[in-house]
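Undergrad: Model the structure of this input:
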Amino acid sequence: MQFKNPEILYFLFLLIIPILVHLFQLRRFKKQEFTNVKLLKELEIQTRKSSTIKKWLLLATRLLLLAALIFAFAQPFFKAKDFDKKNNELIVVIDNSFSMQAKGNSGELLKRTIQDLLENTPEEQQLSVLTNDENFYDTNIRNIQKELQNLKYSSTPFNPAAIITRIEAKKPGLPKDILFISDAVGLKDELKTNLSDASSLYYQTVEANETNNIAIENVQISQVLDQFYELKISIKSYGDFENDVPISMYNGKKLVGKALISKEKPQKEILFTIPKNDFHGYVTIQDNSLSYDNTFYFSISKPQKSNVIAVGNTDKNQFLSRIYNAEEFNYTSTELNTLNYNSIENADAIILNEVSNIPNALSVTLKNYYSKGGNIIFIPDVNSPVDSYNSFLRNFSNNSLSEKVVKEKQITQISFNHPIYTNVFEKKVSNFQYPKTNATFTINGSNLPVLQYEDKSVFLGNITNRLGNLFFFSTSINKENSNFQNSPLIVPTFYNMGQNNNKTGLNAFTIGNNNFTIINETIAKDNVLSVTNAENSFIPMQQILNNKIKLTFGNYPENSGNYAVLKDKESLKNISFNYPRTESDLSQINSDYFDNCTKVNSVSTFYSDIHSSRTSNEVWKYFIIATLLFLILELLIQKFVK
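TA: Got it, this is the predicted structure:
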């Protein structure tokens with residue numbers, strides 16, 4: 001037992017006063033002689049005994065009464081189990097990721113969570129409230145009521161460990177009580193922190209009534225026809241559905257197609273055919289679950305011709321002219337000695353086709369071209385020494401060529417997931433007429449294989465700096481050394497290596513993936529490009545690359561939708577952004593993530609638990625009651641004890 005006012009206990013010395021009063025009473029009995037003394041003597045003894053008992057009872061009662069009164073003023077208490085944590089910082093962390101759009105017993109999980117917090121948090125309670133992307137430090141619930149009620153869903157995944165890092169950066173070393181409120185969807189592993197023992201972690205799991213959901217995963221161009229694009233819409237469903245789900249496609253606000261998603265299969269691919277023109281719209285569905293993944297925005301720019309320059313022997317370049325047709329490419333074939341170096345920066349792809357000796361000036365120019373987003377396709381002459389080639393390759397990576405090996409080898413491995421083969425194959429091909437080579441160099445170093453021989457060595461490799469690409473073959477592909485020119489692979493391989501993805505194709509960026517795009521435009525140094533739509537606008541990071549501008553978006557924009565890149569008020573390019581589909585599967589609940597935390601059933605339970613575990617058991621009131629009882633007991637003794 002402890003005391004709030006221990007100095008009051010010094011008054012216990014006052015207990016000596018009633019003792020002195022009772023021990024040093026001056027009152028004495030007087031003797032009186034009577035004739036018959038026998039009876040009176042017995043009466044005298046009895047009276048003396050009763051009086052003595054009464055005095056001792058009164059003394060004990062008064063001592064206890066005074067002691068109880070002194071103890072009551074000293075305010076004794078028993079220390080609570082978590083008494084040392086009573087001054088902890090209170091922090092509530094709310095998961096506002098998209099999975100919290102799911103509906104529980106009382107509506108959407110996030111809205112119900114906020115309402116519960118507003119209703120059960122005392123107005124005078126000092127606290128901090130954090131979400132995936134918002135911070136409200138050192139406030140009370142009344143001051144942030146409107147902000148919480150208007151809280152938006154965030155595309156940032158719920159990451160309690162990262163949020164704790166944010167808290168520690170703001171309040172380092174302070175003991176804290178942290179309450180996590182989440183549906184625990186998509187959490188991995190287990191929460192681990194470096195918080196001190198003085199801090200406490202709690203969690204409340206909110207649950208959705210239904211985990212069924214349908215999401216639009218992706219939109220791709222599956223086939224390019226003369227006048228049309230065939231689009232493949234990838235749909236994924238989680239759980240079972242009673243009815244077919246309608247899907248609609250809009251170009252701007254104009255409806256251009258409708259279809260039905262069958263309830264029979266969990267994953268579907270829906271095909272739409274649209275005219276081969278600019279497209280700036282979206283595809284959408286309606287279900288009774290999450291809404292964030294029901295719309296997928298995408299843009300298709302009207303195809304522009306890509307500029308391709310082939311450097312090498314004109315006869316050996318002949319096969320390239322059949323691939324890079326005049327309708328889709330501005331193709332130029334040139335000998336090395338007639339190459340115009342100034343034209344390189346305007347090219348979308350440069351092909352070095354069996355140039356036996358690459359001049360140092362050309363290597364430096366191509367290195368600069370590659371660093372600013374250019375594509376280089378390198379085809380060595382298998383009959384030339386490798387020294388010049390290795391000097392050239394060292395400008396880009398640690399890759400090099402070993403001496404020639406004369407041996408027939410078949411090209412059997414295709415990297416179907418490589419970007420240049422996206423949408424080329426409807427399914428993975430395992431049995432076709434393999435192309436072959438008669439002699440080859442061996443490629444050494446780290447690269448991304450595109451095509452490989454049967455012994456896993458690289459026939460076509462790729463390195464990238466995320467702006468430009470270097471594709472390099474391990475050997476010549478002329479008809480004397482290889483039949484690759486007669487292979488079905490030749491067209492899609494060179495066609496896609498020569499394409500500028502910023503000039504053609506479909507773009508649909510995922511927010512938060514640190515996306516970038518290159519705009520073929522020039523601006524003054526004091527000007528900037530902006531990305532905007534009717535509701536939102538932001539200025540991305542910009543890097544000027546001669547006659548191009550690289551835009552890096554980072555974690556922007558905050559909201560999905562169709563946007564335009566503007567120079568002043570001139571629209572340069574249409575782009576689209578979508579939320580990541582990381583929380584579409586509502587069944588992926590990981591409650592074990594919070595095993596190191598104390599579970600609470602509600603916000604009110606949380607406040608009740610920490611209050612009871614940190615509030616001391618004060619017993620002074622019992623001493624007040626004892627004081628009153630001893631007072632009554634003294635009165636009873638005075639009245640009834642003779």
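Undergrad: where along the protein do the helices fall?
TA: Defined through DSSP state H, the helices belonging to the chain, from first to last, are 16-23, 37-74, 109-120, 145-149, 160-170, 318-323, 360-371, 387-393, 490-498, 603-614, 620-640.
Undergrad: Residue 460 versus residue 380, what's the distance?
TA: Using CB to CB, to the nearest Å, residue 380 is found at 12 Å from residue 460. The C-beta positions use only the backbone N, C-alpha and C, and glycine is treated the same way.
Undergrad: What of residue 268?
TA: Per CB to CB, residue 268 is found 34 Å from residue 460.
Undergrad: do the same with residue 520
TA: The spacing between residue 520 and residue 460, counted by CB to CB, is 27 Å.
Undergrad: ok, now residue 424?
TA: Per CB to CB, residue 424 is found 14 Å from residue 460.
Undergrad: And these two? Which one has more around it.
TA: The residue with more neighbours, out of residue 424 and residue 460, is residue 460; 28 against 17, by other CB atoms under 10 Å.
Undergrad: any idea of the pLDDT on that one?
TA: You'll see residue 460 listed with a pLDDT of 95.
Undergrad: got a list of what it touches?
TA: 449-451, 471-474, 493 (CB atoms under 8 Å, 6 or more residues apart in numbering).
Undergrad: can you check residue 214 too?
TA: Contacts of residue 214 were listed using CB under 8 Å, 6+ apart, and they are 235-238, 241, 245, 261, 285, 287, 289, 293-294.
Undergrad: Out of the residues you listed, give me the one that has the most neighbours.
TA: The member of the contacts of residue 214 surrounded by the most neighbours (other CB under 10 Å) is residue 293, with 25 neighbours in all.
Undergrad: my read: it touches residue 98, true?
TA: Yes. The pair residue 293 and residue 98 qualifies as a contact (CB atoms under 8 Å) at a distance of 7.3 Å.
Undergrad: shared neighbours, the two?
TA: Taking CB under 8 Å, 6+ apart as the contact rule, residue 293 and residue 98 both touch residue 579.
Undergrad: Pull the number of nearby residues for residue 172.
TA: Residues within reach of residue 172, counting by other CB under 10 Å, total 7.
Undergrad: shouldn't residue 412 be in contact with residue 455?
TA: No. Taking CB under 8 Å as the contact criterion, residue 412 and residue 455 are not neighbours in contact, 9.2 Å apart.
Undergrad: between these two, which one's more packed in?
TA: Set side by side, residue 412 and residue 455 give different neighbour counts by other CB under 10 Å, the larger being at residue 412 (17 against 10).
Undergrad: Now do the contacts for the more buried one.
TA: With contact set as CB under 8 Å, 6+ apart, residue 412 has these partners: 434, 452-454.
Undergrad: try 7 Å
TA: Shown here is residue 412, whose contacts under the criterion CB atoms under 7 Å, 6 or more residues apart in numbering are 434, 453-454.
Undergrad: What spatial separation is found between residue 381 and residue 184?
TA: Distance, residue 381 to residue 184, using CB to CB: 60 Å.
Undergrad: swap that for residue 19, please
TA: Residue 19 sits 68 Å away from residue 184 when distances are taken as CB to CB.
Undergrad: now swap in residue 289 and tell me
TA: 17 Å.
Undergrad: go on, residue 302?
TA: Distance from residue 302 to residue 184, counting by CB to CB: 46 Å.
Undergrad: what about these two, which has more around it?
TA: Set side by side, residue 302 and residue 184 show more neighbours around residue 184, with 21 against 10, by other CB under 10 Å.
Undergrad: check contacts around the more buried one.
TA: Shown in contact with residue 184 (CB under 7 Å, 6+ apart): 205, 589-591, 593.
Undergrad: Switch the residues you listed over to TSV; also include pLDDT and neighbour count.
TA: Putting the contacts of residue 184 into TSV (pLDDT from 0 to 100; neighbours: other CB atoms under 10 Å) gives the following:
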residue	pLDDT	neighbour count
205	91	17
589	88	19
590	87	14
591	80	14
593	89	22
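Undergrad: Now, those residues that are in strands?
TA: Here DSSP state E is the test, and the contacts of residue 184 give residue 205 as lying in strands.
Undergrad: quick one: the strands in the stretch 201-350 of the chain?
TA: Across the stretch 201-350 of the chain, reading from the start of the chain, the strands by DSSP state E, counting those that start in this stretch fall at 213-224, 228-238, 245-251, 254-261, 267-275, 279-285, 295-300, 306-312, 329-334, 349-353.
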